[in-house]
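Visitor: this one's sequence-less:
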């Protein structure tokens, strides 16, 4: 079995919140990448096809990958504070449950824990969302 242990979650809501809340600049490259930049540096980037789970499954097939472990890329949820961080951690956890439940092959994900102390660890085991 071939397992890809370095793959990232791609979620439009998460990216749009980063752009809005961090006041990021966007620029597009000739190769189709959208760069999300702050102070002249690329924080992260994406290609539109990365949001398409079917495309990602086809890519796994073409590479002979049997299972993929997904994690959230930097900056993770740590750019937000307090309640905003808790909401984003919950969104990411809820969003990551969907591909693993509906995909034709196993997709596992890591859990995101909000660093906020306001309500302790809030992104742990929630009903219907088992850990990886």
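Guide: That came through, no problem. Here the structure is a predicted model, which means the values were calculated and not measured. Numbering: from 1, shown residues only.
Visitor: wait, residue 78 sits on residue 84?
Guide: No - using Cβ atoms under 8 Å, residue 78 is not in contact with residue 84, being 11.3 Å away. Where C-beta positions appear, they are placed from N, C-alpha and C, glycine not excepted.
Visitor: in terms of secondary structure, what does the lengthiest helix in the chain contact?
Guide: Ordering each helix of the chain by length in residues (DSSP state H) puts helix 82-102 first. Counting contacts by 3 or more Cβ pairs under 8 Å, 6 or more residues apart in numbering; DSSP states H and E, helix 82-102 is packed against helix 12-21, strand 107-109.
Visitor: now for the protein, the helix or strand with the poorest mean pLDDT.
Guide: When the helices and strands of the chain are scored by mean pLDDT, DSSP states H and E, strand 107-109 comes last with a mean of 51.
Visitor: remind me which residues of this protein are low pLDDT?
Guide: Flagging of the chain using pLDDT under 70 yields the residue ranges 98-132.
Visitor: now the longest helix of the chain: how far from the chain's centre is it?
Guide: 9 Å (Cα atoms, centre = their mean, to the nearest Å).
Visitor: could you check the angle that helix makes with helix 12-21?
Guide: On the basis of axes from the mean of the first three to the mean of the last three Cα atoms, to 10 degrees, helix 82-102 is oriented at 160 degrees to helix 12-21.
Visitor: in helix 82-102, what counts as buried?
Guide: 85, 86, 88, 89, 90, 91, 92, 93, 95, 96, 99, 100 (16 or more other Cβ atoms under 10 Å).
Visitor: any chance of CSV for those, columns distance to residue 27?
Guide: Below are those laid out as CSV (distance: Cβ to Cβ, whole Å):
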residue, distance to residue 27
85, 27
86, 31
88, 24
89, 28
90, 31
91, 26
92, 25
93, 30
95, 26
96, 28
99, 28
100, 33
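Visitor: for the residues you listed, which one is nearest residue 55?
Guide: Residue 55 lies nearest to residue 99 out of those, by Cβ to Cβ, at 12.2 Å.
Visitor: deepest of the helices and strands packed on helix 82-102, which one?
Guide: The highest average neighbour count among the helices and strands packed on helix 82-102, using mean count of other Cβ atoms under 10 Å, belongs to strand 107-109 at a mean of 21.
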